[in-house]
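> just coords:
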């Protein structure tokens, strides 16, 4: 059985390649564990002389998911695309369908964490906003929320007029501020206790990137002002209840986490943290975490555990 892998070329042409699942480092058929899409795409892109799209213009590609397509381990059909976006540009990727509950998985260049989305802005169509693209190849996987769904979809990329603008939110009364620079002490630096709130659903926060569960206060309880580029900046919140955390970066995009430091404590690691204000909103994954007390810590240690503060 062949594995369809599609590329959008710089000329806007679509290349559909039927590649035998047996031929990539012991990969299996579409009913088995798939070969890692990064390895698969890397080999094919090189063989095609760099067929990934190098585009700053809108693109639109019709596709379909069904029998004969690759499958995720959990059974969902998938198609994989490859794009290069102009560095610094802001791009919205959408997978829309009248038939499917679409789901997007985006692998940024350089091994950065993948970005997932199911219901962009409350719709059944998936979407991922890349606020400021970096150089290199973005691998975009179009799939579905549940296994076995088949049907047609349209994958679009739409420039958003440049890098995301910084949109800082006015801190709440009594909000706390940390001023840090490379080598700061004490490390970790910890806040006084903050009280969680749930004014805004994570999916509705302006600038949210990828999947963002939970609810958050409209205003940040803690702001971290970074004075110089830092290889690692870890932001952790500790509580005895099921809390969540959203962090607005200096470029305006928002990332969220629930249990990154081990249940029930969220953590976000910022690699190559750039100077500027990082605004921290501590909320709740569900209703049980609302009104909880939490302590926020920042550190240059990417492995900081909640037992350390």
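Arrived safely. Keep in mind it's a predicted model, so treat the numbers as computed, not measured. Numbering: from 1, shown residues only.

> right, and residue 119 touches residue 126 too?
Yes. Here residue 119 reaches residue 126: they are 7.3 Å apart, a contact under C-beta atoms under 8 Å. Glycine gets a C-beta too; all of them are placed from N, C-alpha and C.

> who's more crowded, the two?
Neighbours around residue 119 and residue 126, counted as other C-beta atoms under 10 Å, are more numerous at residue 126. The numbers are 29 against 16.

> where's the residue nearest to that one when sequence neighbours are not counted relative to residue 155, distance?
Counting by C-beta to C-beta, 6 or more residues apart in numbering, the nearest residue to residue 126 once its immediate chain neighbours are dropped is residue 104, at 4.0 Å. Distance of residue 104 to residue 155, given as C-beta to C-beta, to the nearest Å: 9 Å.

> Next, show the common contact partners of the two.
Common contact partners of residue 104 and residue 155 (C-beta atoms under 8 Å, 6 or more residues apart in numbering): 93, 95, 140, 142.

> ok, the first one - contacts?
Spelled out, it's residue 93. Residue 93 touches 104, 106, 127-130, 140, 155-157, counting by C-beta under 8 Å, 6+ apart.

> on that earlier part again, name the element the residue nearest to residue 126 belongs to?
Here residue 104 sits within strand 102-107, counting by DSSP states H and E.

> For residue 199, give me its contacts.
Applying C-beta under 8 Å, 6+ apart, the residues near residue 199 are 215-218.

> Can you flag the buried ones in those?
Burial by neighbour count, 16 or more other C-beta atoms under 10 Å: within the contacts of residue 199 this picks out 215-217.

> In three-state terms, label residue 219 for me.
With DSSP: H, G, I helix; E, B strand; the rest coil as the basis, residue 219 sits in coil.

> pretty sure it contacts residue 171?
Yes. With contacts counted by C-beta under 8 Å, residue 219 reaches residue 171, the gap being 5.7 Å.

> per-residue confidence at the residue nearest to residue 126?
Residue 104 carries a pLDDT score of 94 in this model.

> Would you confirm that residue 89 contacts residue 133?
Yes. Using C-beta under 8 Å, residue 89 is in contact with residue 133, at 5.0 Å.

> Same drill for the two, tell me which one is more crowded.
Using other C-beta under 10 Å as the criterion, residue 89 and residue 133 rank with residue 133 on top: 21 against 18.

> and the closest residue in space to residue 127 that isn't next to it in sequence, how many neighbours does it have?
Nearest residue to residue 127, sequence neighbours excluded (C-beta to C-beta, 6+ apart): residue 120, at 2.9 Å. Residues lying near residue 120 (other C-beta under 10 Å) number 23.

> Check residue 120 and give its pLDDT.
You'll see residue 120 listed with a pLDDT of 80.

> Could I get the buried residue list for the host helix or strand of residue 156?
Secondary structure assigned from DSSP H and E places residue 156 in strand 151-159. By 16+ other C-beta under 10 Å, the buried positions in strand 151-159 come out as 153-155, 157-159.
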